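>>> any chance you could fold what I've pasted below:
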Amino acid sequence: MTFTGKATYDAGSTLPELVDDVSDLVGLISPFDTPLLDALGSPRYAAKSTRHEWFEDRLNPNFSQVNNGAGYSSGATSIVVDDGAVFRAGDLLQPQGSDEVAQVTAVAGNTLTVTRGYGGSTAEALTDNQQLTVIGRAALEGEDAPAPAFRSRLRRENYTQIFTEAVSISGSMDAVGLHAVEREFDYQVIQRLRELLRTLEQTVICGFKASANPQGGAAVRRTMGGLLQFISGSEAVIADAAGAALDEPTLNAALRQCWEKGGRPNAIVCNGFQKRKISTFIQSSRRYEPETTALRNLVDVYESDFGVQRVVLSRWVPADKVLLLDLDKIQVLPLQGRSFFVKPLAESGDFKKAQIIGEYTLEVLNGGDGGHGLLTNLASS
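This is a model prediction of the structure:
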């Protein structure tokens with residue numbers, strides 16, 4: 001008898017098969033994994049309102065920039081800066097990229113009166129937007145306490161978003177025990193839950209809250225902002241690659257920017273194309289061992305000068321972007337009592353029906369001031 005690939009006897013075209021041979025396995029190829037949600041883990045608490053708020057704070061800055069289009073000569077002693085509140089009399093300043101040290105003798109609004117070439121250093125010309133950093137604060141012996149300097153905490157907010165799907169199965173379909181599926185209703189619930197988790201991760205990355213009426217209403221759907229929306233603003237670390245390919249210097253430059261602003265990203269989240277780019281970083285130092293037949297060509301942990309970053313591969317990150325995240329400053333929170341659950345619905349006929357519901361929001365601490373970073377406009381082909 002010739003091999004037919006069947007597990008049952010073929011009695012010819014006139015007789016039926018004795019058994020319908022179906023493998024006890026349901027093939028599932030649609031992606032449903034949620035690596036970022038898995039990396040974030042369970043939240044520390046639940047949201048208690050559809051409008052979730054948190055506060056952000058940071059230390060007083062110790063630098064500002066020169067604010068004069070024409071710059072200043074090496075002999076100028078009156079200098080206008082962007083933020084004079086950073087400085088006080090007695091401060092020692094060093095211009096970025098210069099060996100000069102200057103001392104502040106008076107502050108009036110955003111105008112500093114300074115002594116140039118302090119301590120025998122060589123005075124140099126200053127340019128517009130050149131950074132002046134406080135390298136030391138000197139107080140007079142016996143003087144009064146300085147005026148208190150503080151910054152108001154920033155109030156941030158996000159909104160909860162409802163995620164829902166429905167399942168409806170006829171009584172006959174649910175009663176039939178199909179191969180690999182003992183209860184069709186339960187199987188469909190699991191499938192829809194996988195889809196909702198996939199959608200939740202996509203929203204965590206790419207979601208956008210509305211600029212008008214974000215609280216939603218009877219006719220307005222409430223949406224939550226995602227990571228790409230929160231990592232934004234003039235103080236955020238956003239590196240535009242202008243279409244260039246991702247390489248190690250580009251990645252390290254963005255990590256350094258986060259570090260300089262006080263951030264410490266511990267995860268690099270990217271799609272498949274950019275993950276392969278990161279894995280090529282080891283090509284120049286790859287070694288082969290004669291006693292093994294396994295070739296390893298991947299980077300799962302990247303140890304840089306600015307910390308150790310876990311590389312998280314997510315299908316849902318846009319192809320031209322790489323997220324640099326501090327996972328300790330991110331939470332995906334359910335609204336209290338509204339984590340995913342199955343709600344049976346009234347049956348008006350010979351069927352079984354239910355709704356799967358969950359309501360979640362995203363909390364991102366310091367997304368706009370360097371706690372996280374974003375590489376964008378990378379080559380993706």
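>>> need the next SSE after the helix or strand of the chain with the lowest mean pLDDT, C-terminal direction.
The helix or strand of the chain with the lowest confidence, counting by mean pLDDT, DSSP states H and E, is helix 171-175 at a mean of 80. Using DSSP states H and E, the next helix or strand after helix 171-175 towards the C-terminus is helix 184-206.
>>> which other residues reach that following helix?
Contacts of helix 184-206 from elsewhere in the structure, counted by C-beta atoms under 8 Å, 6 or more residues apart in numbering, are 26, 31-37, 161, 163-167, 169, 173-174, 176, 178, 181, 223-224, 226-228, 269, 314, 316-318, 323, 332, 340, 342, 352, 354, 356, 358, 360, 362. All C-beta atoms are positioned from the backbone trio N, CA, C, and that covers glycine.
>>> among the residues you listed, name the ones in helices.
Among these, the ones falling in helices (DSSP state H) are 35-37, 173-174, 227-228.
>>> for the least confident helix or strand of the chain, which outside residues touch it?
Where contact means C-beta under 8 Å, 6+ apart, the residues beyond helix 171-175 that reach it are 183-185, 350-352.
>>> give me that answer again for 10 Å
Residues outside helix 171-175 that contact it (C-beta atoms under 10 Å, 6 or more residues apart in numbering) are 169, 181, 183-188, 347, 349-352.
>>> from those, which two are the most distant?
Of all pairs drawn from these, the one with the largest separation by C-beta to C-beta is 181 and 349; the distance is 22.4 Å.
>>> compare the two (neighbour count), which wins?
residue 181 (15 against 7; other C-beta atoms under 10 Å).
>>> ok, what's across the strand from that one?
Beta-bridge partners for residue 181, by DSSP bridges, are residue 178.
>>> separation between it and residue 278?
40 Å (C-beta to C-beta, to the nearest Å).
>>> name the residues of the least confident helix or strand of the chain that are buried.
Residues of helix 171-175 classed as buried under the neighbour-count rule (16 or more other C-beta atoms under 10 Å) are 173-174.
>>> now do stretch 95-102
Of the residues in stretch 95-102, those buried under the neighbour-count criterion (16+ other C-beta under 10 Å) are 95, 98, 100-102.
>>> on that earlier part again, can I get the contacts of helix 171-175 in TSV including pLDDT and distance to residue 112?
What follows is these, written out as TSV (pLDDT from 0 to 100; distance: C-beta to C-beta, whole Å):
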residue	pLDDT	distance to residue 112
169	87	74
181	70	75
183	80	75
184	83	75
185	85	73
186	85	71
187	84	71
188	87	69
347	83	77
349	85	80
350	87	82
351	88	77
352	88	75
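>>> re earlier: among the contacts of helix 184-206, the buried ones, what's the PyMOL command?
Command for PyMOL, covering only those of the contacts of helix 184-206 found buried under the criterion 16+ other C-beta under 10 Å:
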select buried, resi 32+34+36+37+161+163+165+167+169+173+174+223+224+226+227+228+269+314+316+317+318+323+332+340+352+354+356+358+360+362
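>>> in strands, which of the contacts of helix 184-206 fall?
161, 163-167, 169, 269, 323, 332, 342, 352, 354, 356, 358, 360, 362 (DSSP state E).
>>> excluding chain neighbours, what is closest to residue 226?
When the adjacent residues along the chain are set aside, residue 226 lies closest to residue 207, with 3.4 Å between them (C-beta to C-beta, 6 or more residues apart in numbering).
>>> per-residue confidence at the one you found?
According to the prediction, residue 207 has pLDDT 95.
>>> quick one: the nearest residue in space to residue 229 that is not next to it in sequence and residue 161, what's the gap?
Excluding its sequence neighbours, the residue lying closest to residue 229 (C-beta to C-beta, 6+ apart) is residue 208, at 5.3 Å. Taking C-beta to C-beta as the measure, residue 208 and residue 161 are separated by 10 Å.
>>> for stretch 122-138, which positions count as buried?
For stretch 122-138, the buried set under the neighbour-count rule, 16+ other C-beta under 10 Å, comprises 123-124, 126-127, 130, 132, 134.
>>> most widely separated two among these?
Using C-beta to C-beta, the two most remote members of these are 127 and 134, lying 19.0 Å apart.
>>> element containing residue 259?
Short version: residue 259 belongs to helix 248-260, going by DSSP H and E.
>>> which helices and strands sit right next to that helix?
Contacts of helix 248-260 with other secondary structure elements, assessed using 3 or more C-beta pairs under 10 Å, 6 or more residues apart in numbering; DSSP states H and E, are made with strand 237-240, strand 267-270, helix 272-279, strand 301-304, strand 307-313, strand 322-325, strand 373-376.
>>> okay if I get these as CSV plus distance to residue 52?
Output for the helices and strands packed on helix 248-260, formatted as CSV (distance: least, C-beta to C-beta, whole Å):
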stretch, distance to residue 52
strand 237-240, 24
strand 267-270, 22
helix 272-279, 30
strand 301-304, 32
strand 307-313, 24
strand 322-325, 19
strand 373-376, 22
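>>> mean pLDDT for the ones you listed: which is lowest?
Note on these: lowest mean pLDDT is at strand 301-304, with a mean of 88.
>>> that strand packs against which elements?
With contacts defined as 3+ C-beta pairs under 10 Å, 6+ apart, the packing partners of strand 301-304 are helix 248-260, strand 267-270, strand 307-313.
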